[in-house]
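Colleague: What follows is a predicted structure for the sequence shown.
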Amino acid sequence: MKSFLKSILTVTTHPTDPPRFVFANCAKATARPARKIKALEKIGFLDDSFFMYYEDVEICERARFFGYKTLYCPSATVHHLHALSSTEWSPFFIYQSEKGRLLHILYHFPFKIFLIEYIKFFIKNLLRFIFKSRTIKQIKNNLQYLKNNLYYFL
């Protein structure tokens, strides 16, 4: 069991590097709990629109807007089990991760950039569905990409 856990945990590789400020981080593990609660009361808690994937980047973006900085501390160890609540590249994973990516662009970039990304995403998804849907699994996965396009109109 220990070797299994070791194989799926993400651990810092250079613990002697000095702490530095970064754009965003995963799991919000850098702030002390008391400071984290104060910051969350000021900037707001996680946005339910994201549900899963990109919620950590979005809240870092909001924190930055309110004047907070995200600190990466290499000597800290964070255990992150990637896709533990889903299966990587499953229809659920595809839908949630792409929805999060586009929501992040919509919330934090100029609307023009969102439109460009959305149109590129739509065309790519349509072509993927038409030309790369040969098996039932591919059809299910490609439908999730198309379903994401509808999210912004419903």
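Modeller: Yes, it's here. Residues are numbered from 1 along each chain as shown.
Colleague: just the helices in the protein please.
Modeller: In the chain, the helices defined using DSSP state H lie at 2-8, 33-43, 55-65, 91-108, 111-131, 136-151.
Colleague: List the buried residues in the third one.
Modeller: Residues of helix 55-65 classed as buried under the neighbour-count rule (16 or more other C-beta atoms under 10 Å) are 55, 56, 57, 58, 59, 60, 61, 62, 63, 64. The C-beta positions use only the backbone N, C-alpha and C, and glycine is treated the same way.
Colleague: Just want the angle from it to helix 91-108.
Modeller: 10 degrees (axes from the mean of the first three to the mean of the last three C-alpha atoms, to 10 degrees).
Colleague: Helix 55-65 vs helix 33-43, what angle?
Modeller: Using the same axes, to 10 degrees, helix 55-65 lies at 80 degrees relative to helix 33-43.
Colleague: could you dump helix 55-65 to CSV, C-alpha only?
Modeller: Extracted as CSV, the C-alpha positions of helix 55-65 are listed here (Å, rounded to 0.1, in the frame of the first residue of the first chain):
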residue,chain,number,x,y,z
GLU,A,55,-11.4,26.2,-8.8
ASP,A,56,-7.9,26.6,-7.3
VAL,A,57,-6.6,28.7,-10.1
GLU,A,58,-9.8,30.9,-10.0
ILE,A,59,-9.6,31.5,-6.3
CYS,A,60,-5.9,32.5,-6.6
GLU,A,61,-6.8,34.9,-9.4
ARG,A,62,-9.5,36.4,-7.1
ALA,A,63,-7.0,36.6,-4.2
ARG,A,64,-4.6,38.4,-6.5
PHE,A,65,-7.3,40.9,-7.5
